[in-house]
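[1] Provided below are the primary sequence and the corresponding predicted coordinates.
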Amino acid sequence: EAAVTQSPRNKVAVTGGKVTLSCNQTNNHNNMYWYRQDTGHGLRLIHYSYGAGSTEKGDIPDGYKASRPSQENFSLILELATPSQTSVYFCASGPLGENTLYFGAGTRLSVL
Amino acid sequence: QEKVQQSPESLIVPEGAMSSLNCTFSNSASQSIWWYQQHPGKGPEALISIFSNGNKKEGRLTVYLNRASLHVSLHIRDSQPSDSAVYLCAVKKLSGSFNKLTFGAGTRLAVCP
């Protein structure tokens, strides 16, 4: 069954440390997305990608980098983690030209 | 930037009742509106979408869209305890948005047996 898998599911990081969140999809979708979800804000788009080798800034990209080395994998990188980046992060994939997004189960990140 | 507001923040209904959720958006040129369902500890799952003014029915779900008032509603008939979840309204811009969806903060629905 097609799926979006995120790792790790939970992560505790220290302020100033580097954090990498990984996402793998078996949907063979061109588009991939990283969102964060915070109480009162809903889902906010951080970065997205059209395909391997491409990354684009979303609505709240500051403090985050993204990497899409292959069709299947899309990573979110926090070079210098801050407590304000404590959140639940969701990866999603979507087929080209369609609007449905398929989400992973999320990664809960705490930056202390 | 598109703004999406949902109401109420939370809703409690008895089993078998109708659940009604509301969403307003800021841009009348928005292309389509989606409703996603999110159970605790899980990612959102797409439920139903609408593009044209009017209503769309799928099973126990009915969506109403009024572009003039920038309002969309989701109605769940014969609500079941398994419907208990957070419901997210999402709006896609008409052009140049690359399937970018803007989400509301959600309505938490609890259906009591």
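    That came through, no problem. Numbers count the residues shown, from 1 in each chain, chains lettered A, B, ... in the order given.
[2] output stretch A:82-97 as PDB - backbone C-alpha positions only.
    Output of stretch A:82-97 as PDB, limited to C-alpha atoms (Å, rounded to 0.1, in the frame of the first residue of the first chain):
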ATOM      1  CA  THR A  82      15.600  26.900  18.600                       C
ATOM      2  CA  PRO A  83      12.800  26.300  21.200                       C
ATOM      3  CA  SER A  84      10.400  28.100  18.900                       C
ATOM      4  CA  GLN A  85      10.800  25.200  16.500                       C
ATOM      5  CA  THR A  86       9.200  22.800  19.000                       C
ATOM      6  CA  SER A  87       6.200  21.500  17.000                       C
ATOM      7  CA  VAL A  88       4.700  18.500  15.200                       C
ATOM      8  CA  TYR A  89       6.100  18.200  11.700                       C
ATOM      9  CA  PHE A  90       4.200  16.600   8.800                       C
ATOM     10  CA  CYS A  91       5.500  15.400   5.500                       C
ATOM     11  CA  ALA A  92       3.000  15.000   2.600                       C
ATOM     12  CA  SER A  93       3.200  13.900  -1.000                       C
ATOM     13  CA  GLY A  94       0.800  14.700  -3.900                       C
ATOM     14  CA  PRO A  95       0.500  13.700  -7.500                       C
ATOM     15  CA  LEU A  96       1.300  16.300 -10.200                       C
ATOM     16  CA  GLY A  97      -1.700  18.300 -11.300                       C
END
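[3] need the contact partners of that stretch.
    Outside of stretch A:82-97, the residues that reach it under the criterion C-beta atoms under 8 Å, 6 or more residues apart in numbering or on different chains are A:4, A:6, A:15, A:19, A:21, A:23, A:25, A:27, A:29-38, A:43, A:46, A:63, A:74, A:76, A:78, A:100-104, A:106-112, B:43-44, B:99. In short, each C-beta sits where N, CA and C put it, glycine included.
[4] could you redo the last one with a cut-off of 6 Å?
    Taking C-beta atoms under 6 Å, 6 or more residues apart in numbering or on different chains as the criterion, the residues outside stretch A:82-97 that touch it are A:4, A:6, A:21, A:23, A:25, A:27, A:29-38, A:78, A:101-104, A:106-108, A:110-111, B:43, B:99.
[5] cool, and stretch A:59-78?
    A:19-25, A:32, A:34, A:44-47, A:49, A:52, A:55, A:85.
[6] mind running it again at 8 Å?
    Among residues not part of stretch A:59-78, those counted as contacts by C-beta under 8 Å, 6+ apart are A:13, A:18-26, A:28, A:30, A:32, A:34, A:36, A:44-49, A:51-55, A:79-80, A:82, A:85, A:89, A:91, B:1, B:102.
[7] tell me the residue of chain B that sits nearest chain A?
    B:G43 (3.1 Å; C-beta to the nearest C-beta).
[8] what about that residue, which SS state?
    Judged by DSSP: H, G, I helix; E, B strand; the rest coil, the three-state class of B:G43 is coil.
[9] for it, give me its contacts.
    Here B:G43 is in contact with A:V4, A:F90, A:A92, A:F103, A:G104, A:A105, A:G106 (criterion: C-beta under 8 Å, 6+ apart).
[10] now the two most distant members of those residues.
    Pairwise distances across those (C-beta to C-beta) peak at 11.2 Å, for the pair A:A92 and A:A105.
[11] these two: which is more packed in?
    Neighbour comparison, A:A92 and A:A105: the larger count goes to A:A92, with 27 against 15 (by other C-beta atoms under 10 Å in any protein chain shown).
[12] measure that one to A:T100 for me?
    10 Å (C-beta to C-beta, to the nearest Å).
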